[in-house]
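1. whatever this is, show me its structure:
(chains A and B)
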Amino acid sequence: MEKISLNETPVRTSKNFNINNIKLENIKIPEEISEFKNMTITGDTSKINIEKDTSKIHLVYGLSEEFTNQVNKKANQKLKISIDSKQNKEFQIDFKFDNENQVLLDNIEIVANESTKSTVIIKYISSNEIEAFHNGIIRVKAKQNSEINIILVNLMNTKSNNFIAIENTFEANSKINYYIIDFGGKNSITNYYSNLVGENSDNSLNTIYLGKENQVFDLNYIGELRGKKSNIDIEVQGALKDTAKKHFKGTIDFKKGCKKATGNENEACMLLSDTAKSIALPMLLCSEEEVEGNHSSSAGKIGEKELFYIMSRGFELKEAMKLMVKAKFNKILENIKNEELKNKIIDEIDLRLD
Amino acid sequence: MAKTNLDEINRNIYDIKNKDEYDFKIKKGLTPEIIEEIAKQKNDPDWMKEFRLKALEVYNKLELPTWGPDLSELDMSEIATYVRPKTKLNSSWEDVPEDIKDTFDKLGIPEAEKTSLAGVGAQYDSEVVYHSMKEDLIKQGVIYTDMETAVREYPELVKEHFMKCVPVHDHKFVALHGAVWSGGSFVYVPKGVKVDIPLQSYFRLNSPESGQFEHTLIIVDEGASLHFIEGCSAPKYNKVNLHAGCVELYVKDNAYLRYSTIENWSKNMLNLNTKKAIVGKNAKMDWVSGSFGSKISMLYPMSILNGEGAKSEYTGISFAGGGQNLDNGFKVVHNSTNTSSVVNAKSISKNGGKCTYRSLVRINENAKNSKSSVSCESLMLDDISVSDTIPVNDIRTDEVEFSHEAKIGKISDKTIFYLMSRGLSEEDAKAMIVRGFAHPIAKELPVEYAVEMNNLINLELEGAIG
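-> Below is the predicted model of the structure:
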C-alpha cells in the first residue's frame, strides 16, 4: 500500500523536521461505500431546518484533494443544517460505527443565521472490535451577530482511522466556539481552518486529546484573521501515554487589513511515558502592524510535587495521574454544559488511562 | 498618531567599493574542472582536492530547499567562487596593500585590535590577507591562523574535525561550501587555557558577482574558554553576491565558547551560511547574533548537546528593512541527560522588510532531565512589513521541562503615551522603545560592538520617525 501524504501546513519549514505534512502507510481507503445507517439526531430541533442534501465542497485547505473529493463524490451521510433559533437550542448528532456501519463519509454543512444562538454536538463512537474508517467534512458559516457552539467528540476505538476537515467562515460580529474532544483513532488527523473575514468576528477553539498505545494525532489548526478587530483563541491540552505521538501544527495568520486583530495560542502536552512523543509547530504569521499575537507551547511530565501531594492523600499513582489529567482538561470541559456528555467524556478519560 | 517611518540604514562605511582588482579570479560557474582549478590555485593536498570533488557530486544531487525564501535568482553559472586578492597573507598591517588596508581601517579593525582584541584575522574576497595574535597566547599554545595554513601545518587536527560537525550532506549549500571553500580561521585552544580577550575574524567581500565561502573551525579543548567574534560586510552591487560560509565549533568537556556575530552584508547578498557546535560534558556554548544586512539570509546556528550537563544559550536579533528577507533562527538538539538550552530571539521589520524566526528544539529519548526555554519577540514598525514565527518543538521523552513563548506586535500606544507624559517627544519615545527592545541583545555584545549595533539602530531612527 502506498504512503499517503495529508494535512500540509500553510507554510513549509525544513523537511528534516518532519512536520510539514503527515505520511501514513497501510491506510486502506475504501472504494465501495455502502449506506451508513447508524445516525441519530436528538435534542431540541425546533427552528432548526435539516436537509439531506449539501452544496459542493470547495475547501481552502482540507486534508488533501483526494480526501475532499472522496466526500464530495461518495458521502454516505449528508446534512445541511440551517439554524434560526434566537435562543440557545442544543441538539446532538450521533454517528455510531459497528459491524454493519464501518465506513462513514459525512458532509455536514451548518449555517447559523443572523442573530441566532445554538449548540451542536457531533459525536463519533465505535464498538471495540471493528476497524472503522471515517472521513468527514464539517463546514460552518456564522452569519452576522450569530453565536454557535460546536462540540465535536471523537470516542472511536484505537484501531480505527479518523480523518476530519473543518472549515469555518465568519461574518461581522459572529462567534464560533469550537470544542474538540479527540480521543479515538489509530490515526486521528484533523484539519481545522477558520476564515475570520467579518469585522469583530471571534473564534475560540478548545481541544483536548488523549493518546495511548500507538495512536497518532495530527492536528493542523489554521486561523486567518482578515476582519478588523477579529480574534482567535486556540487552547490545546493533551496527554500521551505508551508510544502515542502527537503533531500539533497551529497557525495564526494576521492578514493585511486586520487592524487591531488579536490571536492567542496555547498548547500544552503532558507526557505520561518516556516513549510518548510530542511535536509542536505553533506558527505566528503577520502582515499587519496593529495586531497582537501570542503563542506558548510546553511539554513535560506531570509535576512530581503535585503527584506526591495527591498520593499522600491516599490515591494510587494511576489514580493520581488520572486526577491530574482531568484537572488539566477541566479548563476546557467545564464549558460543556451538557452534563451527560461531560460525564461520558470523563468516564472515557478514566477508561483510556487505565 | 503619526506613523513610524524609518529610513534605510546609512551604509557609507560598508559601501566603500574598491576597484575589482585581483591576483586571480576563477571563471564563473561550477564544474569539476573549476573545482580542480581552485584546488590547484590553493595548492590543496590530494585529500582536500578529492573532498572538494566529492562535495560537488553531493551538491549536484541535492535539491534547493522547498521552504523559506525564494532563491530562484541565484544562478551559480553567474558566480565566481574563488577570487584571490593581490596580496599574500601578512602579519603586519603595513604589508597589506593600501586600498585593502584602508577598507579595514575604515571598518575599525586595526584600531579594535590595538584596544580590545587578542588576535585578528581579516579576509578579503577569498583569502585571508592579515592574521595576528598576541604573543602570550602563542606561548600558551593557542593556535589562531587561516584555514589554509591549518590544513598544511596541522593536517591531523584538521582531518579529524573538518566538515565532521557539518557534513556535506546536510544541505545543498553546505555541499557547495565543501566544494569551493576558501579562507576562514582555525582556532585551537589547548586544555585549561582561558583566552580572556576576544579573537576576531572579519570577512569582507569586495568583488562583484562572486561568492565568499570561508571555513571557520574552532576547537576549544577540555576546560578551556574563548570568545570569538565574527564580522562581515560587503559593498552593494546590482547583481547578487553569495555567502555560503561554514562554521564548525567543538566545545569539549567543561569548556566554554562564546561566538558573537555582527552581520552587515550588503543588500544584494544571499547569505546562506551554516554554523554548528558540538558541545561536550558540562561545557557551554553561547551564541550572540546580530543580523542587519543581506538581501536574503537563511541562517540557523545549531548546538548539539552531546555531553551530560551541556548547555547552550542563543541570543539573537534580526533587523529587516525594505527588500530584505531575513529568515533566521536557531536549532538545538539535546542528546544527553541534564542538558539545557535557552533561546532569546528578537526581530524588527520595517519598510516592507520580512523577518522570519525559524527554529527547532529537539529533546531526544536519552536526554532525561533536560530543560529548554524559548522566547521570541517580533516588532512590526509599519503595515507593509512582514514578521513570521515558525518554531518546531520536538519532545521525545517525558522527563523534560520545555516551554516556548512568542509574541508579535507593534509599539504599544500606551507605552508611547506614558513616555510622552514624562516629557519625551513622540520620536524620542519610539526610539527609546526600539533601543530598549534590542537592549537584551546589545548587552551581550562586547562594548564596542554594542555601540556599533546601537549606532546602526540610531542611524535608522534619526530624524526618520514622525
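
2. what residues sit buried inside stretch B:423-441?
-> B:426-427, B:429-431, B:433-434, B:437-438, B:441 (16 or more other Cβ atoms under 10 Å in any protein chain shown). Every residue, glycine included, has its C-beta placed from N, CA and C.

3. how about stretch B:146-153 as PDB, C-alpha atoms only?
-> The C-alpha coordinates for stretch B:146-153 follow below in PDB (Å, rounded to 0.1, in the frame of the first residue of the first chain):
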ATOM      1  CA  ASP B 146      43.900  31.000   8.500                       C
ATOM      2  CA  MET B 147      42.400  27.700   7.400                       C
ATOM      3  CA  GLU B 148      44.900  27.100   4.500                       C
ATOM      4  CA  THR B 149      47.800  27.300   7.000                       C
ATOM      5  CA  ALA B 150      46.000  24.900   9.300                       C
ATOM      6  CA  VAL B 151      45.400  22.400   6.500                       C
ATOM      7  CA  ARG B 152      49.200  22.500   5.800                       C
ATOM      8  CA  GLU B 153      50.600  22.700   9.300                       C
END
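
4. mind listing the helices for the chain?
-> Since you didn't name a chain, this refers to chain A. Under the criterion DSSP state H, chain A contains helices at A:65-74, A:304-312, A:317-333, A:339-352.

5. right idea, wrong chain: chain B
-> Counting by DSSP H, the helices of chain B are B:32-41, B:46-61, B:98-106, B:109-116, B:135-139, B:147-153, B:155-161, B:172-180, B:413-421, B:426-442, B:447-461.

6. quickly compare the ones you listed and say which is most buried.
-> For the helices of chain B, average neighbour numbers computed from mean count of other Cβ atoms under 10 Å in any protein chain shown are highest in helix B:172-180, which has a mean of 25.

7. list the helices and strands that helix packs on?
-> Applying 3 or more Cβ pairs under 8 Å, 6 or more residues apart in numbering or on different chains; DSSP states H and E, one finds that helix B:172-180 contacts helix B:32-41, helix B:46-61, strand B:246-251, strand B:274-279.

8. ok, 10 Å please
-> Helices and strands in packing contact with helix B:172-180 are listed as helix B:32-41, helix B:46-61, strand B:211-212, strand B:241-243, strand B:246-251, strand B:274-279; criterion 3 or more Cβ pairs under 10 Å, 6 or more residues apart in numbering or on different chains; DSSP states H and E.

9. of all those, which lies closest to residue A:120?
-> Nearest to residue A:120 among the helices and strands packed on helix B:172-180 is strand B:274-279 (51.2 Å), distances taken as Cβ to Cβ.

10. using CSV, write out the CA atom coordinates for the closest one.
-> Included here for strand B:274-279 are C-alpha records, laid out as CSV according to Å, rounded to 0.1, in the frame of the first residue of the first chain:
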residue,chain,number,x,y,z
THR,B,274,25.8,27.3,8.2
LYS,B,275,27.0,27.2,11.8
LYS,B,276,27.0,24.3,14.2
ALA,B,277,28.6,23.4,17.5
ILE,B,278,29.1,20.1,19.3
VAL,B,279,29.1,20.6,23.0
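
11. does that strand come close to chain A?
-> No. Under the criterion of Cβ under 10 Å from any Cβ of the partner chain, chain A is not reached by strand B:274-279; the shortest gap measures 12.5 Å.

12. cool, stretch B:370-381 as well?
-> Yes. Using Cβ under 10 Å from any Cβ, we find that stretch B:370-381 touches chain A at B:371-376, B:378-381.

13. from those residues, which single one is nearest chain A?
-> For the residues of stretch B:370-381 next to chain A, the minimum distance to chain A (Cβ to the nearest Cβ) is 4.6 Å, reached by residue B:380.

14. residues contacting the closest one?
-> Under the criterion of Cβ atoms under 10 Å, 6 or more residues apart in numbering or on different chains, the contact list for residue B:380 reads A:254, A:286-291, A:293, B:4, B:347-350, B:353, B:355, B:386-387, B:408-411.

15. just list whatever residues bridge to it.
-> In this structure, residue B:380 bridges to residue B:349 when assessed by DSSP bridges.

16. how close does it sit to residue B:323?
-> Here residue B:380 is placed at a distance of 17 Å from residue B:323 (Cβ to Cβ, to the nearest Å).

17. burial count for the closest residue to chain A within the stretch 301-450 of chain B?
-> For the stretch 301-450 of chain B and chain A, the shortest gap (Cβ to the nearest Cβ) falls at residue B:398, measuring 3.6 Å. Other residues within reach of residue B:398 by the criterion other Cβ atoms under 10 Å in any protein chain shown amount to 23.

18. what sits against the nearest residue to it once chain neighbours are set aside?
-> Residue nearest to residue B:398 in three dimensions, not counting chain neighbours: residue A:271, with 3.6 Å by Cβ to Cβ, 6 or more residues apart in numbering or on different chains. By Cβ under 10 Å, 6+ apart, the residues touching residue A:271 are A:238-241, A:244, A:246, A:277-278, A:299-302, B:395-400, B:402.

19. what pLDDT does residue A:271 get?
-> Predicted confidence (pLDDT) for residue A:271: 95.

20. ok, now the one 4 residues further on?
-> Predicted confidence (pLDDT) at residue A:275: the value is 94.

21. circling back to that earlier point, give me the subset of the contacts of residue A:271 lying in strands.
-> Cross-referencing the contacts of residue A:271 against strands under DSSP state E gives A:238-240, A:246, A:277-278, A:299-300, B:395, B:400, B:402.

22. tell me the domain ranges of chain B?
-> By the assignment in automatic domain parsing, chain B contains the domains B:24-299, B:412-466.

23. quick check: which ranges of chain A have low pLDDT?
-> For chain A, the stretches flagged by pLDDT under 70 are A:1.

24. give me the residue from the stretch 251-354 of chain A nearest chain B.
-> In the stretch 251-354 of chain A, the residue found nearest to chain B is residue A:271; the distance is 3.6 Å by Cβ to the nearest Cβ.

25. and that residue, how far is that from residue A:158?
-> If you go by Cβ to Cβ, the gap between residue A:271 and residue A:158 works out to 18 Å.

26. what is the burial count for the residue in the stretch 1-150 of chain B positioned nearest to chain A?
-> Chain A sits closest to residue B:67 of the stretch 1-150 of chain B, with a gap of 3.8 Å, by Cβ to the nearest Cβ. Here the number of neighbours of residue B:67 (other Cβ under 10 Å) works out to 17.

27. with adjacent residues omitted, what lies nearest to it?
-> In space, residue B:67 comes closest to residue A:12 once its chain neighbours are excluded; the distance is 3.8 Å by Cβ to Cβ, 6+ apart.

28. right, and the one you found touches residue A:251 too?
-> No. Proximity of residue A:12 to residue A:251 does not meet the contact threshold set by Cβ atoms under 10 Å, at 11.8 Å.
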